[in-house]
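**Q** Here's my sequence, what's the structure:
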Amino acid sequence: MKFIFADSLDYVDPAFDFIADRSPAERQPYWDDAYPHEILGYAPYDGVLVSRGIVGDHRVKGKYTASQARRFGLVGVRKFLRLDTPEFAHLDIFGDCGAFTYVQEERPPYTPVEMAEFYDECGFTHGCSVDHIIFDFDPALTGLAGGTQDARHRFDITLENADGFRREALAMGSDFRPLGVVQGWSPGSMAEAARRLVSMGYDYLALGGMVPLKSPEIKLCLEAIRDAVPSATRLHILGFAKADDIDSFHGYDITSFDTTSPLLRAFKDAKQNYYLPGEGLGLRYYTSIRVPQAIENPKLQRSVKKGIFRAEDLLNMEALALGSLRAFDRGEADLEETLRHVLVYSAALVEERPHQECVGSIALAKLEARYRTTLTDRPWKECPCAICRDAGVDVIIFRGSNRNKRRGIHNLAIYKDHIERLDLKRAVIRPDDFQRRLRAAER
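**A** Now for the predicted structure:
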């Protein structure tokens with residue numbers, strides 16, 4: 001099972017100064033910054049996915065600048081991502097249309113011909129057909145029952161585009177492998193879409209619309225699809241938001257999936273920001289310690305305007321929190337002292353009141369318990385990756401993109417190892433159930 005990382009210009013500045021809290025004045029983002037595979041020295045994924053909508057153009061505002069989008073088209077995806085060296089030649093490069101970027105449109109802004117040319121000219125190894133995302137979902141529906149008029153319209157558009165996309169890819173003699181995208185409003189409708197895609201000639205399918213679904217709902221879709229298509233059909237899950245639950249999906253014979261979850265959770269999750277291997281096949285999670293910039297954080301600045309804090313007092317609390325964490329990392333401060341300085345600053349952030357006025361705060365008590373675990377275990381000391389070795393305690397500090405994304409890149413490395421451990425000891429379904437699925441799929 002391949003872990004494909006969905007990239008969105010996720011690089012960091014290798015020369016970032018954690019003490020001064022700044023990059024060199026002459027820094028040029030992208031050119032001077034490092035992708036995960038560069039700063040770690042190896043690729044913490046089996047491939048990368050780039051969405052057409054992320055690159056952007058005159059129709060869809062992407063994340064790339066105009067000059068970056070031009071360079072991407074000129075040099076191709078491998079050179080742009082700096083994956084054009086021999087040690088990265090084995091990595092797959094997936095592409096999709098970025099259906100979330102045009103979800104409000106009546107039809108996708110890209111044609112099958114345009115997408116096939118884009119994938120081929122930019123050097124992708126795999127390209128997804130032009131889909132139109134369906135958010136409606138009812139797990140109780142069977143077959144093609146139900147579905148709003150809009151859902152059925154998007155269902156038809158997605159299949160029509162898939163047929164044209166595959167024909168175009170074959171006609172141009174493209175080097176990329178086409179994937180037919182499955183969209184539907186129920187397990188049954190997704191199974192029917194998969195059956196029709198296989199009849200068109202697809203042997204690799206990508207399941208779309210999975211992001212908002214819970215794990216049991218995704219499994220219902222996978223089971224219905226597996227019962228509807230030949231057992232040799234490969235399956236990819238697009239935007240797999242339940243990546244940490246991947247060990248429970250092994251029985252569905254997933255070939256690949258893409259996600260940004262390990263990186264995003266470094267700074268978008270309230271509790272589980274830092275990964276380490278756990279017992280057995282699990283993962284351990286730690287809460288990063290929030291020490292935002294006093295003069296830049298909107299919530300803290302609002303407290304200054306209200307007269308709750310003086311700016312110089314917040315700066316002093318910030319400095320004490322950072323200084324204590326670094327002293328603790330060096331063994332020059334004890335846990336209780338460090339925790340106290342961190343919580344004094346946290347009170348201003350969480351409760352917008354001085355720490356002495358927050359006795360009995362449930363939010364601060366919960367934060368203290370999580371921070372105590374993080375500081376007691378010192379997880380960054382356990383990890384030998386280049387990020388943790390170079391950044392030290394700063395990798396666990398929630399503060400600015402260069403720290404937060406470094407923690408996310410560390411998570412990618414831990415997650416890639418997690419996937420490899422799962423593949424070595426796969427959690428398989430019962431043999432008789434597996435045989436039943438094979439027989440059903442081949443009927």
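
**Q** how about the strands in this structure?
**A** Secondary structure of the chain (DSSP state E): strands at 2-6, 47-51, 92-96, 126-128, 177-182, 204-207, 234-237, 256-259, 274-277, 283-286, 289-290, 397-398.

**Q** out of the ones you listed, which comes closest to residue 189?
**A** strand 177-182 (9.3 Å; CB to CB). For the C-beta atoms, the positions are set from N, CA and C on the backbone; glycine is no exception.

**Q** which other helices and strands contact that closest one?
**A** On a contact count with 3 or more CB pairs under 8 Å, 6 or more residues apart in numbering; DSSP states H and E, strand 177-182 meets strand 126-128, helix 149-171, helix 187-200, strand 204-207.

**Q** can you redo those as a markdown table with mean neighbour count, distance to residue 368 and mean pLDDT?
**A** Below are the helices and strands packed on strand 177-182 laid out as a markdown table (neighbours: other CB atoms under 10 Å; distance: least, CB to CB, whole Å; pLDDT from 0 to 100):
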| stretch | mean neighbour count | distance to residue 368 | mean pLDDT |
| --- | --- | --- | --- |
| strand 126-128 | 25 | 46 | 98 |
| helix 149-171 | 19 | 47 | 98 |
| helix 187-200 | 22 | 44 | 98 |
| strand 204-207 | 25 | 42 | 98 |
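
**Q** want to throw these into a markdown table with distance to residue 371?
**A** A markdown table is the format used below for the helices and strands packed on strand 177-182 (distance: least, CB to CB, whole Å):
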| stretch | distance to residue 371 |
| --- | --- |
| strand 126-128 | 42 |
| helix 149-171 | 45 |
| helix 187-200 | 43 |
| strand 204-207 | 39 |
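
**Q** for those, which one sits closest to residue 388?
**A** That would be strand 126-128 among the helices and strands packed on strand 177-182, by CB to CB, at 32.1 Å.

**Q** residues making contact with that closest one?
**A** With contacts defined as CB atoms under 8 Å, 6 or more residues apart in numbering, strand 126-128 is touched by 92-97, 115-116, 118-120, 169, 174, 176-179, 181, 204, 206, 238.

**Q** circling back to that earlier point, nearest to residue 364, out of the helices and strands packed on strand 177-182?
**A** strand 204-207 (42.1 Å).

**Q** circling back: the helices and strands packed on strand 177-182: which one's closest to residue 406?
**A** Nearest to residue 406 among the helices and strands packed on strand 177-182 is strand 126-128 (28.8 Å), distances taken as CB to CB.

**Q** returning to that earlier point: list just the one of the strands of the chain that sits closest to residue 407.
**A** So among the strands of the chain, strand 274-277 is nearest, using CB to CB, at 5.9 Å.

**Q** Make JSON lines from the strands of the chain and add distance to residue 58 to it.
**A** Below are those laid out as JSON lines (distance: least, CB to CB, whole Å):
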{"stretch": "strand 2-6", "distance to residue 58": "23"}
{"stretch": "strand 47-51", "distance to residue 58": "17"}
{"stretch": "strand 92-96", "distance to residue 58": "19"}
{"stretch": "strand 126-128", "distance to residue 58": "21"}
{"stretch": "strand 177-182", "distance to residue 58": "24"}
{"stretch": "strand 204-207", "distance to residue 58": "26"}
{"stretch": "strand 234-237", "distance to residue 58": "29"}
{"stretch": "strand 256-259", "distance to residue 58": "26"}
{"stretch": "strand 274-277", "distance to residue 58": "39"}
{"stretch": "strand 283-286", "distance to residue 58": "42"}
{"stretch": "strand 289-290", "distance to residue 58": "40"}
{"stretch": "strand 397-398", "distance to residue 58": "37"}
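
**Q** For residue 347, which of those strands is the nearest?
**A** Closest among those, using CB to CB: strand 289-290, at 11.7 Å.

**Q** And the closest one, what does it pack against?
**A** For strand 289-290, the packing partners by 3+ CB pairs under 8 Å, 6+ apart are helix 335-350, helix 362-377, strand 397-398.

**Q** Residue 289 and residue 245, how far apart?
**A** Separation of residue 289 from residue 245 (CB to CB, to the nearest Å): 26 Å.

**Q** now swap in residue 299 and tell me
**A** 32 Å.

**Q** Show the contacting residues for the nearest residue to residue 143 once chain neighbours are set aside.
**A** Using CB to CB, 6 or more residues apart in numbering and skipping residues adjacent in sequence, the residue nearest residue 143 is residue 188, 4.4 Å away. With contact set as CB under 8 Å, 6+ apart, residue 188 has these partners: 141, 142, 143, 144, 145, 224.
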